[in-house]
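Visitor: Give me a 3D structure for the following:
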Amino acid sequence: MAANLPDSDENKKRAEPGWLLPAKIAVVVMGLMILSGLGVIAYTVATRLSGGEEKTVAAPAATPAATGTEAQVVRQIATAFGTVDVAIPNGARLGAVQLEDGRLILRMNLQNSKVRLLVYDLATGKELGVFNITREK
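Guide: Numbers count the residues shown, from 1 in each chain. Below you'll find the predicted structure:
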């Protein structure tokens, strides 16, 4: 037997406002995003502390062996060359630095819109040449 309670304001179930359900969903989704973000941070810290995911350098491509009378490709081996002093003119600023084909190219931005390119050999450390670039008059 069920007891019938009188209809009163205390016994009636209050209806939820329309905005409450989307708010509940948003809270749950944001909570899951926070937990997954903390998991990613914990994984990243753990792998960096353990030394995992070290970046490996790709080995250079093997040169094909020469056949018959063809000349073999000789690969230069880098040697230590000590300290190389590069003089920067007064008022100049070092611009871009580029490494390409065993050469180092330094761009010096000089005064009056002039540019100087210095080319160095990485195997020996010797200056190979200088390009002075100026505007045409």
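Visitor: For residue 129, see how far away the spatially closest residue to residue 135 that is not a sequence neighbour is.
Guide: Spatial nearest neighbour of residue 135, chain neighbours left out: residue 113 (5.9 Å); criterion: Cβ to Cβ, 6 or more residues apart in numbering. Where you see a C-beta, it was placed from the backbone N, CA and C, and this is true even at glycine. Distance, residue 113 to residue 129, using Cβ to Cβ, to the nearest Å: 21 Å.
Visitor: repeat for residue 137
Guide: Per Cβ to Cβ, residue 137 is found 24 Å from residue 129.
Visitor: who's more crowded, these two?
Guide: residue 129 (9 against 3; other Cβ atoms under 10 Å).
Visitor: what mean pLDDT does the helix or strand harbouring the more buried one have?
Guide: Using DSSP states H and E, residue 129 sits within strand 127-133. For strand 127-133, the mean pLDDT works out to 86.
Visitor: In terms of secondary structure, what does that strand contact?
Guide: For strand 127-133, the contact count by 3 or more Cβ pairs under 8 Å, 6 or more residues apart in numbering; DSSP states H and E identifies strand 115-121 as packing neighbours.
Visitor: Within its sheet, name the partner strands of the strand it packs on and how each one runs.
Guide: strand 103-109 (antiparallel), strand 127-133 (antiparallel) (DSSP bridges).
Visitor: Tell me which residues of that strand come out buried.
Guide: Buried residues in strand 115-121, counted by 16 or more other Cβ atoms under 10 Å: 116-120.
Visitor: how about the helices in this protein?
Guide: Secondary structure of the chain by DSSP state H: the helices cover 20-50.
Visitor: Name the residues linked to the nearest residue to residue 126 once chain neighbours are set aside by a beta bridge.
Guide: Residue nearest to residue 126 in three dimensions, not counting chain neighbours: residue 120, with 6.9 Å by Cβ to Cβ, 6+ apart. Here residue 120 sits in beta bridges with residue 104, residue 127, as judged by DSSP bridges.
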